[in-house]
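Engineer: Got a predicted model here, sequence first, then my questions.
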Amino acid sequence: MPSGLVALLDDVAGLTRLAAASLDDVGAAAAKAGTKAAGVVVDDTAVTPRYVTGLSPQRELPIIGKIALGSLRNKIVFLLPIAIGLSAWAPWAITPLLMLGGAYLCFEGAEKVIEALSGQHHDDTADAATDPAELERQKVSGAIRTDFILSAEIMAIALGEVSDTPLLTQAITLAVVAVAITAGVYGVVALIVKADDVGLHLAKSSSSPLRAIGRGLVKGVPVLMRWLAVIGTAAMLWVGGGILLHGAETLGWRAPQHLVHHLAERVEHGAPALGAVLGWLLTATLSGVVGLAVGGAIAGLLHLFHRDGTAAH
């Protein structure tokens, strides 16, 4: 009897170690996938605050909460089953779909660069609704639709990082990525949106240091938003370009990725002290150049077709 108990405890310990190892694998995969999705995450963080512009400050956090729940539903209810289905029955489609998403990232990034250079900006959140409840509903719906595209990119990138693991590990990893990124993005968005209100409150404090902090927040939030937009655009281009380079290598066209890798290695060997940093910067820059070229070409073609279609009418 004691020996049987010892054997049972030994089996339980073995299962516990196996579960712990699986959790470690999931954690590592989720961290890696989340890092690869950084470009989309930063852009999502920069875009979302626009959806509460022009609405009552009292409704800002509830609106962000609604968008966050919609984002989580996009990822868990719709995109996660699609991703697992692809991995189980059409794994050959993952790389082409990932490259399609990468091309979309490049297009979005290039569009932002073109808008910045031309000085023409369109506001996709503007609406003619005058009823506050209807305006809120429309803005939340628009934000969730936009989030679906960004969430699809996040899940596709995450799936690409764990496609060689068991299906259960893939599902758990994607669920962890979905929850963590949604909480992180919309938590940061909530802090950004309310930071100016906190700053205004502190600026009225009787304490001189608190007043200085408040004035700094009021002045700093718009600057932060501008920098987030710039960083988000750059990240979309380098992540999108990197996805295309890696996908092309996977499909058999290895020359572009090998050239980037070779140049990065030369930089790393030429400057041992900062080699890793400089190598990463060069890789990101070259990936961004590829992303800008591909995205610019797509934008040019779409504008050409749109102009031809308008002329035909």
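Structural biologist: Good, I have the coordinates. Numbering: from 1, shown residues only.
Engineer: Now do the helices in the stretch 1-150 of the chain.
Structural biologist: Taking DSSP state H, counting those that start in this stretch to define them, one finds helices in the stretch 1-150 of the chain at 2-36, 38-47, 57-73, 80-89, 94-118, 132-162.
Engineer: oh sorry, the question was meant for the stretch 201-313 of the chain
Structural biologist: 208-250, 255-270, 275-312.
Engineer: I'd like to know which elements the first one is packed against.
Structural biologist: Under the contact definition 3 or more CB pairs under 8 Å, 6 or more residues apart in numbering; DSSP states H and E, helix 208-250 sits against helix 38-47, helix 94-118, helix 132-162, helix 167-203, helix 255-270, helix 275-312. C-beta: built from backbone N, CA, C; applies to glycine.
Engineer: from the middle of its chain, how far away would it be?
Structural biologist: Relative to the centre of its chain, helix 208-250 is centred 12 Å away, using CA atoms, centre = their mean, to the nearest Å.
Engineer: swap in stretch 56-72?
Structural biologist: 19 Å.
Engineer: next one: stretch 204-221
Structural biologist: A distance of 32 Å separates the centroid of the chain from that of stretch 204-221, by CA atoms, centre = their mean.
Engineer: For that stretch, buried residues please.
Structural biologist: Residues 213, 214, 217, 218, 221 are the ones in stretch 204-221 that count as buried (16 or more other CB atoms under 10 Å).
Engineer: One more: stretch 59-68?
Structural biologist: Buried residues in stretch 59-68 (16+ other CB under 10 Å): 59, 60, 63, 64, 66, 67, 68.
Engineer: So the third one sits against residue 138, correct?
Structural biologist: No: the criterion here is CB atoms under 8 Å, and residue 63 misses it with residue 138 at 11.3 Å.
Engineer: re earlier: which of the helices and strands packed on helix 208-250 sits closest to residue 231?
Structural biologist: Across the helices and strands packed on helix 208-250, residue 231 has its closest neighbour in helix 38-47 (5.5 Å, CB to CB).
Engineer: avg pLDDT for that closest one?
Structural biologist: Average pLDDT, helix 38-47: 65.
Engineer: related to what we said a few turns ago, closest one of the buried residues of stretch 204-221 to residue 98?
Structural biologist: Of the buried residues of stretch 204-221, the one sitting nearest to residue 98 (CB to CB) turns out to be residue 221, at 34.7 Å.
Engineer: Check the offset of stretch 92-107 from the chain's centre.
Structural biologist: The answer for stretch 92-107 is 14 Å, by CA atoms, centre = their mean.
Engineer: Check which residues of that stretch are buried.
Structural biologist: For stretch 92-107, the neighbour count (16+ other CB under 10 Å) marks 94, 95, 97, 98, 99, 101, 102, 103, 104, 105, 106, 107 as buried.
Engineer: tell me the mean pLDDT for it?
Structural biologist: 88.
Engineer: Check what contacts it and list those residues.
Structural biologist: 39-40, 86-87, 149, 152-153, 156-157, 159-160, 163, 236-237, 239-244, 247-248, 250-251, 290-292, 294-295, 298-299, 302 (CB atoms under 8 Å, 6 or more residues apart in numbering).
Engineer: Mind doing that once more with 7 Å?
Structural biologist: 39-40, 86-87, 152-153, 156, 159-160, 163, 236-237, 239-241, 243-244, 247, 250-251, 291, 294-295, 298-299 (CB atoms under 7 Å, 6 or more residues apart in numbering).
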